[in-house]
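>>> Structure, please.
(chains A and B)
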Amino acid sequence: MELRTTNICMKNFKSRLPDVTFYSRESEAACGPRGSVVGFSGSVSEKMLSGLHYPGCPEARLRSLREKLPCREVQAGTLLAIMGEPEQYCYPSIFIYGHRATGKSHVILTLLKELELPHAAVSCVECVSAGLLFEQTLLALFGADSAALLPRLPSLSDFVRVYRQVCAQQPAKQTRYIVLERAELLRDMEANLLPGLLRLQELVDDNVAVILLSEIVWDKFRPNTGCFEPLLLHFPDYTKAELLQILSLDSNPSYTPELYSSYINILLGVFYSVCRDLRELRHLAALNFSKFCEPLEKGEAKEGNTHKLWRNIEPHLKRAMQTVYLREVSSVQWGQQQMDEKEATALRGLSALAHVELPYYSKFLLIAAYLASYNPARTDRRFFVKHHGKMKKTSFLKKHEKTSNHLLGPKPFPLDRLLAIFYSVVDSRVAPTASVFSQISSLVTLQLLTQVGHDDQLDTPKYKCAVSLDFILAISRTVSFDIVRYLYDFI
Amino acid sequence: MNESSGCFVFKPSSKKRKRTVGIDEYFVDGNDDCGNGRERFNICQKLWEKIKMDTEILQDELNEKILESLLDFIKKCTLSFQSRTDDWASRMRASEIPTAALVLGVNVPDHDMTFQSLSDLLKNSVTPFSVSVQAKECTALKNLMQRVLERLMGVGVSVEEDEEDSGIHLPQKRVSCSISVLCQWYKTVTKVGRRTLKLSHYKTCSENGFLQSPPIVVIFKDFEAFNPRVLQDFILICNRYIHELPLIFVFGIATSPSTVQHILPHSVSSLLCIELFQSLSCTQHLATVIDKLILTSQFPFKLTGKVLQVLVSIFLYHDFSVRNFVKGLQLALLEHFHSQPLSVLCCKKQEARHNAQKLSHKDVEMVRQLPSFMRYVETQEPQEQVQLLTSDDHVKEVCQMLLKGLRKYHKNYYPILRCLHSLTASLPKYPLGKQIRELHISCLEKNVWETNEYESAMQLLRLLAKDELVAALRKCADILKPGKTKKMKSALQQLEDYIIRFEQLDGKISLKLYSQCLCTKMLLRSRRTKKMSPFEILRNETLDFIDGLVRSHLTPPELQPLNEVCYYSSSGVLRRHLNATPRTSIQTALSHPFYFLQNENLKTDAGTVSSAAPDICIVYKLHLECGRLINLYDWLEAYATVVSAAEGKDPDAEDYGKVDELKHARFIQSVSELEFLGFVKSTKQKTDHVARLTWGGC
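Predicted coordinates:
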């Protein structure tokens, strides 16, 4: 069944792309279970670069398309080739992956819009249930009436039934496309949804293609039970030159494009090593451009004096990398600061205020939790029992335990151990009141402790301490408790 | 903190405020021997209402600054939404959601009030569209969306999955739960608002001074408790609609702002434009509350040192919650008026005089039995003593006088306390405490001038340089100024005289000596006996004067006659109510059944349990003798032996200690009761064994 469908659609468009390296399921045995990948190498890309081809489409529109999709001609060309002529069947499902801001949604949506093809674009993050996904798809493809046909709590088969029903009334003249953004979220929905969508063409018996967009590779999607392999398409990251080209397109109208592209060049020089996200770079470019232009405004430098402009902006960009890029200060505050000409010291970042005030016993509970998480349980005797008898340092420090517990991270500990350590580190006698216990759960809510395993509350619950060494040092300093003396790693 | 409000066992407020008939009956029923229950209830009620109002005003004042800046931020964001122009920079910039990170401290129960006033303020001045959500109602994304949509649009929103729960179909229109629905709704609402200026139940726009398109404010009350996935997805979705919906977030953060970065990855936090707002720390908050509620002669009701200590230590050691502190105060108030019949005199001047006149014979007897009154009687002339012990009317007269004295004492006590604190608060190492409440507590408990700390504070004061001393004295004078009693006025007069004299010294003496280090001063002081500069003489004179003030006005209240009327002293009751020890009570009940049952047969020596005790006590006692795993059969055998002894059977009889069906059933029942209480649980490690869940014990 599956094979047959593939063959049909192959016949439809294979003739049009003779030189795309494309493997059908028949030849899968030869290329392994990896699925089929459309490559952009070799003769294909050169051919595609020369221009996008789409039958029945005026050259002018193709040209405007090309302008709208800078540095993505190859991918767009491949996609167009796969899509084929409107009335022809398309490959049932296409999987497009690539990092954030590599133009996945942009390319596919621009193509579909410009060529006026019927399509539904749905972001999976918005669909809290599969029902919403079906509803939005039907709404976009067939109008509001069709979405109303769905029963409450629709399942995939309901969707297929309704689709067939409305499709019979409005048979496809062109291929319909369903674009699903952030497709990785489909995996968390019903188990049959993803396999079903992959072969939707076959299920509804209509000229429809599902295009999945994701930042994750296909290998992480493949269900255990197997499914129809979609056509894989990779969008590589933009190179530095491509970023420069794209970013230079948004030049400020009051300045020359040359100036702007030299500015982008400086910006990329600072940020390219940490950030390749186009959107983020564009945002940063916009935030800092006014500072770059300052010498020009004041008349201190001319546009040609690149060196002076660079000297002016470079430290500023470096500071931006530590603050506004990490969202330590907000972009509004950053902008204001530029206007006020004040130094960055005036603004405190988010992480500057790491100090947390806690009630006295909470501090000791947290200290006890930290000790329980980072000390091996067998050493408790050595640390917390006054007359721990003969426990020589040599036997106490086992040779093979060379790895620092701090490198391994916190270990879970039972409530009993936490309380036992708590009672021995806190200096006064503490009654086991309800508030001491509620403080433990408060610490969990504040995410300073984490609970491990929720299955049985009666059975001693287990916790992990989720704070850093610096944090606990600061806390123990306020109650003048020398925690380092009690940590196995530092003995 | 979060759960501590749940431990607040005693909840008088909700009942009392309703003012239904019969609440004051509790006061009457409690002590039916005296007839003034109703009056006491009324006084208590009035006092509490005043205290409550004062705390609320205080809270608003304290929050004013942070809320104001928050409102400014929201207004500013709203304006920037509207003026989202087409200029180059704003077009290029990524559209971020304006977010206020509101750092409130770990005292989560107190936050409710802040958020309440925040949303009230928002509703009044910025936008009708504000929602607050809590983590516990938003475990999944769809719940969060549902809450937000429901509260904004005021209609039921279907989530599709939980529909089966109600058979009755709600008449409301149900809409699907997505932000695009909200978008459409927002467009219609604002359009309607714009077209018809006076309309609709959203008192829209111009009428209320709302801006043209009011923003939608989503308040996340407890940011840390949210599931990170849910938050991330919600922010991602909202970001898709930011061009259509003017969304603003407020994160209520309990720990530190860096949790934002812990919970949200960079890809999500880069969609937010986070600005930080920090509220007052809760210790400052408490200091203000104590200053306004406790350290004032305004309220006749007082706490003794021990009680105050209990309340403060619960605050400092356990929860940091000012709300719980005020609740503790309320409980003390209620307990005082409930348990002390003479508290009828604990009210304002005229009322107290009136009530004193109306005291019954029984009440007068009670007055005579007050320890403080007895002490007072002993100091009187023999003739007067006879009068006081025989004539009720005379006692009433004296009561009025004594109450007046008590009021005077308070009016003098607090200003002098503040003076002493302001003088000593800047001394190195704070000999009398950094906070005024510490000084207050030590003054309440004993003669403060007899303590070593006071001694050392005075010594340090005697070493102060002139300008420091004069500045401190000026502060004291400011504190004394509002004082109305004669004594305070004369004290102020004298203090001002001293200040003037210090200033007159100015020409004669140089200052260099007095800012030297402490040890040389001490040396100097030992050698100094012969010669003292005029400044030193004056300084000693001034400090002796202050010492005199302290000695005459900061006497502990216990020495004041009739102090029992105003002072609540049972700290034990308060501690038991506020800081409950459920586990200790259960263990007491199980190991000493006499404690609760008060049955003479159960009275035993420490550590043993009478065999006549309830089954569960016996079973509990036996289980304490076991290790981590308990063999059920051995346990049953032991139980049967103990119970047979209780039945008084002959130890030599054939069936002594035999397990019959009844004993078996009783045993099983007790074991399951123990399991219910969380002492044992079934285990799969060994057959016929149960696991012990508690440690220690025997």
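
>>> Please tell me how far whichever residue of the stretch 101-250 of chain A sits closest to chain B sits from residue A:248.
When scored by Cβ to the nearest Cβ, the stretch 101-250 of chain A has residue A:128 as its residue closest to chain B, at 3.8 Å. In short, each C-beta sits where N, CA and C put it, glycine included. Here residue A:128 is placed at a distance of 40 Å from residue A:248 (Cβ to Cβ, to the nearest Å).

>>> do residue B:185 as well
Residue B:185 is 41 Å from residue A:248, where distance means Cβ to Cβ.

>>> What segments of the stretch 451-600 of chain B are helices?
Assigned by DSSP state H, counting those that start in this stretch, the helices in the stretch 451-600 of chain B fall at B:452-461, B:466-480, B:486-505, B:518-527, B:534-553, B:563-566, B:571-578, B:582-591, B:593-597.

>>> The fifth one versus helix B:452-461: what angle between them?
Here helix B:534-553 runs at 150 degrees with respect to helix B:452-461, directions being taken by axes from the mean of the first three to the mean of the last three Cα atoms, to 10 degrees.

>>> For residue B:451, which residues are in contact?
The contact partners of residue B:451, by Cβ atoms under 8 Å, 6 or more residues apart in numbering or on different chains, come to residue B:442.

>>> mind running it again at 10 Å?
Residue B:451 is in contact with B:431-432, B:442-443, B:445, B:457, counting by Cβ atoms under 10 Å, 6 or more residues apart in numbering or on different chains.

>>> Name the member of those residues with the most neighbours.
residue B:443 (26 neighbours; other Cβ atoms under 10 Å in any protein chain shown).

>>> Sticking with that residue, tell me its helix or strand.
According to DSSP states H and E, residue B:443 maps onto helix B:436-445.

>>> Give me the distance between the closest residue to residue A:208 other than its chain neighbours and residue A:209.
The shortest distance from residue A:208 to any non-neighbouring residue, by Cβ to Cβ, 6 or more residues apart in numbering or on different chains, is to residue A:176 (4.5 Å). Using Cβ to Cβ, we find residue A:176 at a distance of 7 Å from residue A:209.

>>> what helix or strand is the most centrally placed residue in chain B on?
Residue closest to the mean C-alpha point of chain B, counted by Cα atoms, centre = their mean, is residue B:325 at 1.7 Å. Using DSSP H and E, residue B:325 falls within helix B:322-339.

>>> Could you check how far that helix is from the centre of its chain?
Computed by Cα atoms, centre = their mean, to the nearest Å, the chain-centroid distance of helix B:322-339 equals 10 Å.

>>> Show me what the following helix or strand past it packs onto, helices and strands only.
Counting by DSSP H and E, the next helix or strand C-terminal to helix B:322-339 is helix B:349-357. Secondary-structure packing of helix B:349-357 (3 or more Cβ pairs under 10 Å, 6 or more residues apart in numbering or on different chains; DSSP states H and E): helix B:37-82, helix B:361-369, helix B:392-424, helix B:563-566.

>>> now do 6 Å
Applying 3 or more Cβ pairs under 6 Å, 6 or more residues apart in numbering or on different chains; DSSP states H and E, we find helix B:349-357 packed against helix B:392-424.

>>> what comes up buried for the helix it packs on?
Residues of helix B:392-424 classed as buried: B:395-396, B:398-400, B:402-403, B:406-424 (neighbour count, 16 or more other Cβ atoms under 10 Å in any protein chain shown).

>>> now stretch A:305-321
By neighbour count on 16+ other Cβ under 10 Å, the buried set for stretch A:305-321 is A:309-310, A:312-313, A:316-317, A:319-321.

>>> what's in contact with that stretch?
If you take Cβ atoms under 6 Å, 6 or more residues apart in numbering or on different chains as the criterion, stretch A:305-321 is touched by A:262, A:266, A:270, A:288, A:291-292, A:295, A:301, A:344.

>>> So which of those sit within strands?
Taking DSSP state E, every one of these sits outside strands.

>>> want to try CSV for those residues, with distance to residue B:99 and neighbour count as columns?
Formatted as CSV, the contacts of stretch A:305-321 follow (distance: Cβ to Cβ, whole Å; neighbours: other Cβ atoms under 10 Å in any protein chain shown):
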residue, distance to residue B:99, neighbour count
A:262, 34, 18
A:266, 30, 18
A:270, 26, 20
A:288, 22, 24
A:291, 24, 18
A:292, 27, 23
A:295, 34, 18
A:301, 37, 18
A:344, 21, 17
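
>>> Would you state the strands of chain A in chain order?
Going by DSSP E, chain A shows strands at A:36-37, A:93-97, A:119-123, A:176-181, A:208-214, A:231-234, A:413-414, A:449-452, A:462-465.

>>> Compare residue A:128 and residue A:248 and say which one has the larger neighbour count.
residue A:128 (24 against 18).
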